[in-house]
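Participant: task: produce atomic coordinates for the following.
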Amino acid sequence: MSRTIQFAKAGGPEVLEFIEHEVRAPGPNEVRIDVKAIGINRAEAMWRTDVYIEPVKFPAGLGYEAAGIVDAVGPGVSGIAAGDKVNLIPSFSMNQYSTYGEVIIAPDYAVVKHPETLSYEEAASVWMMYVTAYGALIEDAQVTKGDFVIIPAASSSVGLAAIQIANYAGATTIALTRTSAKRQQLLDAGAAHVIATEETDLVEEVKRITGGNGARVVFDPVGGPTLAKLIAALSFNGIVYIYGALSSEATPLPILDMIAKVATVKAHNIWLTSGNEARRKAAVEFVLKGLESGALKPVIDRTFKFDEMVEVHRYLEQNGQFGKIVVTV
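Facilitator: Numbering: from 1, shown residues only. As a prediction, this is how the structure comes out:
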């Protein structure tokens, strides 16, 4: 018997329930995994409240990331065997598969070999954050030396991953945070510049940093009223990637400013990369090389135990973390 976490209705962290059941055998092209660690993502809190990018089918599981050991494989699975250390890359619907469990079933295309230089906790944290940032900054924007990249919510796991990936590509990073409280942490994490948006004029500070030209790329998980300022801080032909909706306020588009700059606002999510076999393979190779070289190094804010999952979600929604929240199983 194994425990998994489900919820029967949308709501706060208290709707999460531990369910004891016998995990089925893996079906065709599926893998069964003995989980050692789970990476926690903002998307899972949105899923729990049924405000994510697809409607929840109840009762529902949740979770995108995990690291563990394969204990069985289904028909048609190749290159993966019982005893292998593996991770999961987010590339499936949580209506189909989920990772909040002691033993889980996953599709074989989502399974990647465990990077030997990482602990289970570190490995459970890397794929959502690095592949999301890679897809926008490397695959699409192709950032390089001479580019300035603005990163709002920079102390989030994806924000810190974006700093590392932009640095790895030779670009100059401008990290945004609300106050100066995390300034030194962000500088220590590799940000070339840090702007405390509640203390400084965001647009004027970006102009100063970029010599008046503005930034070519913004990688934004927030939206809301600040988007207009981010567009004002763009260079000509600049691009804003929107990959989240942390702001609950409306997100107005400054049309005339966009026309003047021939700016692009582009929706982004990890599925563009992880949902395509060739792109997923290229992303995994990029991340593995970055991890091996030390250019990419996961930052873990706090580790919880599986029994504490309700408290994990309460902590997640306080928005105070610096890096990734991880749960050990």
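Participant: please name the nearest non-neighbouring residue to Glu205.
Facilitator: Leaving aside its sequence neighbours, Glu205 sits nearest to Ile195 (C-beta to C-beta, 6 or more residues apart in numbering; 5.0 Å). All C-beta atoms are positioned from the backbone trio N, CA, C, and that covers glycine.
Participant: which residues in the stretch 201-329 of the chain form helices?
Facilitator: Under the criterion DSSP state H, counting those that start in this stretch, helices of the stretch 201-329 of the chain are mapped to 202-209, 226-232, 255-261, 271-274, 277-293, 309-316.
Participant: what's the closest non-adjacent residue to Gly27?
Facilitator: Computed as C-beta to C-beta, 6+ apart, the closest residue to Gly27 that is not its neighbour in sequence is Gly74, at 5.0 Å.
Participant: distance check, that neighbour against Leu160.
Facilitator: 36 Å (C-beta to C-beta, to the nearest Å).
Participant: before we move on, back to that, check for me that the residue nearest to Glu205 belongs to a strand.
Facilitator: Yes - secondary structure of Ile195 (DSSP: H, G, I helix; E, B strand; the rest coil): part of a strand.
Participant: who has more neighbours, Gly74 and Leu160?
Facilitator: More crowded of Gly74 and Leu160, by other C-beta atoms under 10 Å: Leu160, with 29 against 16.
Participant: what helix or strand is the closest residue to His193 other than its chain neighbours on?
Facilitator: Leaving aside its sequence neighbours, His193 sits nearest to Ile174 (C-beta to C-beta, 6+ apart; 4.6 Å). Counting by DSSP states H and E, the element that carries Ile174 is strand 172-177.
Participant: residue contacts, the residue nearest to His193?
Facilitator: Phe148, Val149, Ile150, Ile151, Ala191, Ala192, His193, Val194, Ile195, Val206, Ile209, Ala215 (C-beta atoms under 8 Å, 6 or more residues apart in numbering).
Participant: in the sheet, which residues pair with the nearest residue to the fifth one once chain neighbours are set aside? Tell me.
Facilitator: Among residues not flanking Ala191 along the chain, Ala175 sits closest, at 3.7 Å (C-beta to C-beta, 6+ apart). Beta-bridge partners recorded for Ala175 (DSSP bridges): Ile151, Val194.
Participant: quick check: can you list the domain ranges of this protein?
Facilitator: 2-118+298-328, 127-271 (automatic domain parsing).
Participant: measure the residue lying closest to Val262 once chain neighbours are set aside to Gly214 for me?
Facilitator: In this structure, Val262 finds its nearest non-sequential neighbour in Asn237, 5.4 Å apart by C-beta to C-beta, 6+ apart. Asn237 sits 10 Å away from Gly214, taking C-beta to C-beta as the criterion.
Participant: okay, these two: which has more neighbours?
Facilitator: Neighbour count, other C-beta under 10 Å: between Asn237 and Gly214, Gly214 has more, with 23 against 11.
Participant: rewinding a little: could I get the domains of the chain in CSV, plus columns for distance to Gly290 and mean pLDDT?
Facilitator: CSV is the format used below for the domains of the chain (distance: least, C-beta to C-beta, whole Å; pLDDT from 0 to 100):
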stretch, distance to Gly290, mean pLDDT
domain 2-118+298-328, 10, 97
domain 127-271, 6, 97
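Participant: most packed of the ones you listed?
Facilitator: domain 127-271 (a mean of 20; mean count of other C-beta atoms under 10 Å).
Participant: please identify the buried residues of stretch 270-286?
Facilitator: Ile270, Trp271, Leu272, Thr273, Ser274, Arg279, Arg280, Ala283, Val284, Phe286 (16 or more other C-beta atoms under 10 Å).
Participant: list the residues that contact the closest residue to the last one other than its chain neighbours.
Facilitator: Closest residue to Phe286 in three dimensions, ignoring its sequence neighbours and counting by C-beta to C-beta, 6+ apart: Tyr134, at 5.8 Å. The contact partners of Tyr134, by C-beta under 8 Å, 6+ apart, come to Ile165, Thr273, Ala283, Phe286, Val287.
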